[in-house]
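> got a predicted structure plus its sequence, pasted below:
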Amino acid sequence: MIFTIAKKEFTEMLRDGRFRWSAGIVFVLLLAALLAGWRHYEDVKAQHLQAQQAERNLWLNQGSKNPHSAAHYGVYAFKPKVSLSAVDRGLEPYLGVAVWLEAHRQNQFQFRPAEDATPVQRLGELTAATTLQVLIPLLIVLLAFSAFAGEREQGTLRQLLSLGLRSKTLALGKALGIAGALSVLLLPAAIVGAIALLLAAESGAAAAEFSRLAPLTLSYLIYFGVFVFLALIISARVSSARVALVALLGFWFVNCFLAPRVMASIAKHAHPTPSAFAFQDALDRDFRNGLDGHNPYDQRRKELQTRVLAQYGVDSLAALPVNFDAIAMQEGEKYGNLVFDKHFNRLFDTFEKQNRVYALGGLAAPLLAMQSLSMGFTGTDFMHHRDFTRAAEDYRRALVELMNKDMEVNSKTGDWEYKAGPALWQGVPAFAYTAPGVGRVLQHHAGNFAVLLILFIATGAACFLAAGRLKIA
Amino acid sequence: MLTKIMKYEWRNLTADWTARLVIALFGGLILFAVWNAKSWVDFQKQTLAQVRQEESTRLDSLQTLARKEQARVDSMVAAAAVARNGKAADHKTPPLAWGVRHPGYAGNWAGSRYAALPPGPLAAFAIGQSDMNPYYFKISANRKELFMGARELENPVKLLVGQFDLAFVIIFLYPLLILALSYNLVSSEREGGTLAMLLAQPLSLRTLVFGKIGLRALVILLTGLVFTLVAFAFSGADFSAPGLWLQLLLWSVAVTAYAALWFSLAMLVNAVGKSSATNAVALAAVWLIFVVVIPASLNLILSALHPVPSRVQFVQAMREATASAEARASELMAKYYHDHPELSKDSVEEFLIRRLAMIQDIETAMAPVYERFEGQLAKQQALVNRLQFLSPALMLQRALYAIAGTGPERYQHFVRQVECYHQTWREYFTPRILQNVAVVNYTETPAFRFEEEPPAALAGRATAGFVGLLLPTFVIGGAALRNYQRYRVAG
């Protein structure tokens, strides 16, 4: 029986010119967005690969110079892209693409692509993800708002139920019919997307990409399910199809446009972001006065000097067999790393706290949870950015330490004329980075997934309850 | 007759609790939007105050130090003169010691000043691009990319989802409010059977439509205006700020023109004579296409037609220029000595000349790279300026950002001034470095002052939007009026 109903709904929808038109438009937009995303991914991947290579060549061929000059020259690290980012650009336009890794400083990422775009970008970008998150729910609303309300207005609901059909069966059949109509649109798009992904993924990486694609697809299906159930609930409970339409459109607007901005604002008011000026000021203060505020730079250096002299059993810097400047610099790096960790972690924690407040809104507006999950699985969320930041920073620290160590061992205190050569540069491994696996993404976004699942179960249950107490007239 | 219709419509509207609720909700959102954006403007102002405070204490203490040092050096010179018994001093002046009086030390590091872009008087209406563009730079004599890369900290999620400001409420929500109150202007009367009765009176359909639209327009526009002004006043705005009244006027005209366009669309859809539900779906589709689909697709088109060269390549160009300048440092230095005969060779440290020569070389190499970026962005913006007429949302966004001073134009105006100032800064310090002249008066180095754009430029930019919004309004409104002549009242 369920399938008869589903088939009837499905056929009716496919014959409906409005559905064909709107589904056609959404399909074209989805394909265009996928194509653009894929092209963008290919471009950026090629550029990054080439740039990372060029950067490595510059490093290896910098001739002979003082290791500390080399550490100052440093290297640039460029953030690689996960191929699924063709589906969801996520935060990428608003995160810098490159970071300069140099001596003494942990730099911020530079060059946010959105700064090289017109303000039109701020009205929203067409990606496969926004199409799925915004336009498909709208399509669901248009398909489902009249499911019960329409039949009731035409008087066919009474007829149907008088046949002995259970209203819960009717609800399930309708839900399946809507799902069927949607799949006509989504299946081809999914197949195109999966093939593009296979082509885009480097050999060997395809398995990792598909391990992300599977939960991503599942999340979207749950998200769509929530909308189907919600539309059926409203359609079953309100007096007319017109009211159902207006109510559902209102919810859709709140979900897609109002809630994200309101929640992001609330999150920022709850956990204020410091100004760059205050951030730098706090960093400088810790550098000057010591982390505890009572251990200024001069004192730290004097203590180090006494310690090193005692260690080598000599009484002057000139008598040291090693370069004290290099030791002091490395000590400064170690100290700086503590300061940077303290402040950057605090800043990033603030962002993550804000993101958690934002995600709370997912309970009322599922888009918020879906958006975070989608960015997570496509590797374009803040968690991935933070992971890359950490890897780049670890690389910087290792590089600078190697330079300082070489200077310490191979030159004497005060000797800034000492020069190292290609052997030392080659001793620094090339920067390599692999994005975190799907396990960590799941762990990080467990809350968002739970929110989506709770909504799915709750709306599903409510849908059955509403179907059970269907208003017939 | 018109006033009578408006009076009855007013009664209808006020009796309907959903209409009252919708309007109250709209007012509440305006208040929240202005408060939210205002807190960002206050944050910027507060930061700028801290920045200015830091600059003045730093410069004051440096000046005190420099004066003390100058007095010490003067007394040493005087003592030397006494020791020489008034005989002429050695011709060679020794190079200035690296430290507080040194022009290189002052101009490149310690004596830096800030160039700030203060928020405009209407900044609390549209956050625009001001959450991404920096609003102050710490200027030094160094290469500009070394100080112009500094950015305000912000959660990227917040940048992605966009800001909740008045511009958002008006661009996205205002049309929905208009459509919700007028999608069934005529169709509801016909469906209720009252249209035929009404038109049996000495009343034309046009007058009826005008009366209904007129009242709704009055209610919606006044609600918007009153709540906006109330929010503005309570947010502690300064009503005596220069240019404020012109900007408020332009803002109101822009919002009114936008509203007029949506009213004319509602009129046209009602004139076709379909059912209320069909009208609602049709108008919602128009909203979706104009406000969501066209702007989003435009982004794809822009990056396909005029892709901005990758910043990754920019970094590479910069790195290669730096590496090449370093490799040719001695050659560049020789050339610099040749180009600057005024240079007092014996008294200027070599590393300073090396630095100046390298900076010059890197900047020459980077100039075409910058040009490529700016050229592509200018092309994108030019295309947006033409394609904005595809969607009222695009036109309004551009106009509102321009009026609030948070769009690309005012920022570029600021950046150009900063670049000029950077030049001025160098012209002050480089000759002092080359001729070994001490810097003592830190508070008298050139300071930056932002010059606002002339009001005519602003008005001109906004006018393009007004024309783009009003022209289709008249065309659509005219078509609707023609259609009402052929309107089938019954059946």
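Received the coordinates, thanks.

> any idea whether B:Ala115 is helix, strand or coil?
Secondary structure, DSSP: H, G, I helix; E, B strand; the rest coil: B:Ala115 is strand.

> what parts of the stretch 51-200 of chain A come near chain B?
With C-beta under 8 Å from any C-beta of the partner chain as the criterion, the stretch 51-200 of chain A meets chain B at residues A:51, A:54-55, A:58, A:62-63, A:73, A:76, A:78, A:90-91, A:93-95, A:97-98, A:108, A:110-126, A:130, A:134, A:138, A:142. Placement of C-beta: from N, CA and C, glycine included.

> give me the buried subset of these.
Buried members of these, counted by 16 or more other C-beta atoms under 10 Å in any protein chain shown: A:51, A:54-55, A:58, A:62, A:73, A:76, A:78, A:90-91, A:93-95, A:97-98, A:108, A:110-126, A:130, A:134, A:138, A:142.

> okay, now B:Asn145: neighbour count?
Actually, residue B:145 is Glu. It isn't Asn. 15 (other C-beta atoms under 10 Å in any protein chain shown).

> do B:Ile178 as well
B:Ile178 has 25 nearby residues by other C-beta under 10 Å.

> hang on, it in a strand?
No. Counting by three-state DSSP, B:Ile178 falls outside a strand, being helix.

> and the pLDDT at the residue nearest to it when sequence neighbours are not counted?
For B:Ile178, ignoring the flanking residues on the chain, the nearest one in space by C-beta to C-beta, 6 or more residues apart in numbering or on different chains is B:Trp262 at 4.5 Å. B:Trp262 carries a pLDDT score of 96 in this model.

> the helix or strand containing A:Ala244 vs chain B: in contact?
According to DSSP states H and E, A:Ala244 maps onto helix A:241-253. Yes. Contact of helix A:241-253 with chain B (C-beta under 8 Å from any C-beta) involves A:241-242, A:245-246, A:249, A:253.

> turn those residues into JSON lines, columns for neighbour count and pLDDT.
Formatted as JSON lines, the residues of helix A:241-253 next to chain B follow (neighbours: other C-beta atoms under 10 Å in any protein chain shown; pLDDT from 0 to 100):
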{"residue": "A:Ala241", "neighbour count": "20", "pLDDT": "84"}
{"residue": "A:Arg242", "neighbour count": "18", "pLDDT": "81"}
{"residue": "A:Leu245", "neighbour count": "24", "pLDDT": "88"}
{"residue": "A:Val246", "neighbour count": "20", "pLDDT": "85"}
{"residue": "A:Leu249", "neighbour count": "20", "pLDDT": "91"}
{"residue": "A:Phe253", "neighbour count": "17", "pLDDT": "94"}
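
> just give me the longest helix of chain B.
helix B:17-83 (DSSP state H).

> again with chain A
helix A:17-60.

> pLDDT on that helix, on average?
What helix A:17-60 shows for mean pLDDT is 88.

> now do the helix or strand following it: which elements does it pack against?
Going down the chain from helix A:17-60, the next helix or strand is helix A:67-73, by DSSP H and E. Contacts defined by 3 or more C-beta pairs under 8 Å, 6 or more residues apart in numbering or on different chains; DSSP states H and E place helix A:67-73 against strand A:98-102, helix A:382-410, helix A:422-427, helix B:311-327.

> centroid-wise, who is the farthest residue in chain A?
Distance from the C-alpha centroid of chain A, by C-alpha atoms, centre = their mean, peaks at A:Asp315 (55.6 Å).

> and that residue, helix, strand or coil?
Secondary structure, three-state DSSP: A:Asp315 is coil.

> what residues does the stretch 1-150 of chain B have near chain A?
B:32, B:36, B:39, B:43, B:46-47, B:50-51, B:54, B:128-129, B:132-133, B:149-150.

> tell me the one of those residues nearest A:Phe3?
B:Phe32 (48.5 Å; C-beta to C-beta).

> which residues touch the residue nearest the centre of chain A?
Centroid check for chain A by C-alpha atoms, centre = their mean gives A:Asp381 as the closest residue, at 1.1 Å. When contacts are counted by C-beta atoms under 8 Å, 6 or more residues apart in numbering or on different chains, A:Asp381 is found next to A:90-91, A:372, A:375.

> again with B:Arg432
Counting by C-beta under 8 Å, 6+ apart, B:Arg432 touches B:103, B:107, B:438-439.

> excluding its backbone neighbours, what's nearest the residue of the stretch 301-450 of chain B found nearest chain A?
Residue nearest to chain A within the stretch 301-450 of chain B (C-beta to the nearest C-beta): B:Arg311, separated by 3.7 Å. Distance criterion C-beta to C-beta, 6+ apart; nearest residue to B:Arg311, sequence neighbours excluded, is A:Phe111 at 3.7 Å.

> you'd agree the one you found is up against B:Gln316?
No. Applying C-beta atoms under 8 Å as the test, A:Phe111 and B:Gln316 come out as separate, 12.0 Å apart.

> show me the shaky parts of chain B.
For chain B, applying pLDDT under 70 flags the ranges B:86-93, B:490-491.

> can you give me phi and psi for the residue positioned nearest the centre of it?
Closest to where the C-alpha atoms of chain B average out (C-alpha atoms, centre = their mean) is B:Thr406, at 2.1 Å. B:Thr406 adopts backbone torsions of phi -120, psi 20, taken as degrees, to the nearest 10.

> please apply the same query to the one 10 residues further on.
Dihedral angles phi and psi of B:Arg416 (degrees, to the nearest 10) take the values phi -60, psi -40.

> returning to what we had before: now the residue nearest to the centre of chain B: how far from A:Glu393?
Distance, B:Thr406 to A:Glu393, using C-beta to C-beta, to the nearest Å: 33 Å.

> okay, now the unreliable bits of chain A?
Scanning chain A for pLDDT under 70 picks out the ranges A:200-205, A:293-294, A:473.

> can you tell me which of the residues of the stretch 51-200 of chain A next to chain B are in strands?
A:76, A:78, A:98 (DSSP state E).

> ok, the residues you listed vs A:Ala432, which is closest?
Closest to A:Ala432, out of all of those and judged by C-beta to C-beta, is A:Phe78, at 12.2 Å.

> returning to what we had before: tell me who's in contact with the residue nearest to B:Arg311.
A:Phe111 touches A:96-98, B:149, B:311, B:314-315, counting by C-beta under 8 Å, 6+ apart.

> just B:Leu377 next, same as before
A:116, A:118, B:308.

> go ahead and confirm the first one touches B:Phe373.
Yes. A:Asp116 lies in contact with B:Phe373 (C-beta under 8 Å); the separation is 7.1 Å.

> okay, and the common contacts of the two?
Counting by C-beta under 8 Å, 6+ apart, the residues touching both A:Asp116 and B:Phe373 are B:Val308.

> picking up where we left off before, and the helix holding A:Ala244, what does it pack against?
Looks like helix A:241-253 contacts helix A:136-144, helix A:149-154, helix A:206-237, helix B:276-287 (3+ C-beta pairs under 8 Å, 6+ apart).

> close to chain A, is the helix or strand containing B:Leu471?
Assigned by DSSP H and E, B:Leu471 belongs to helix B:455-485. No. For a cut-off given as C-beta under 8 Å from any C-beta, helix B:455-485 has no contacts with chain A; the smallest distance is 12.8 Å.

> packing partners of that helix?
Partner elements for helix B:455-485 (3+ C-beta pairs under 8 Å, 6+ apart): helix B:205-234, helix B:244-272, helix B:392-404.

> between the ones you listed, which gets nearest to B:Val291?
Nearest to B:Val291 among those is helix B:392-404 (4.5 Å), distances taken as C-beta to C-beta.

> wondering if the closest one reaches chain A at all.
Yes. Helix B:392-404 is in contact with chain A by C-beta under 8 Å from any C-beta, via B:393-394, B:397-398, B:401.

> count of neighbours near residue 420?
Since no chain was named, I'll use chain A. A:Ala420: 20 neighbours (other C-beta under 10 Å).

> oops, chain B please
12.

> likewise for A:Glu393?
Look at A:Glu393: counted by other C-beta under 10 Å, it has 19 neighbours.
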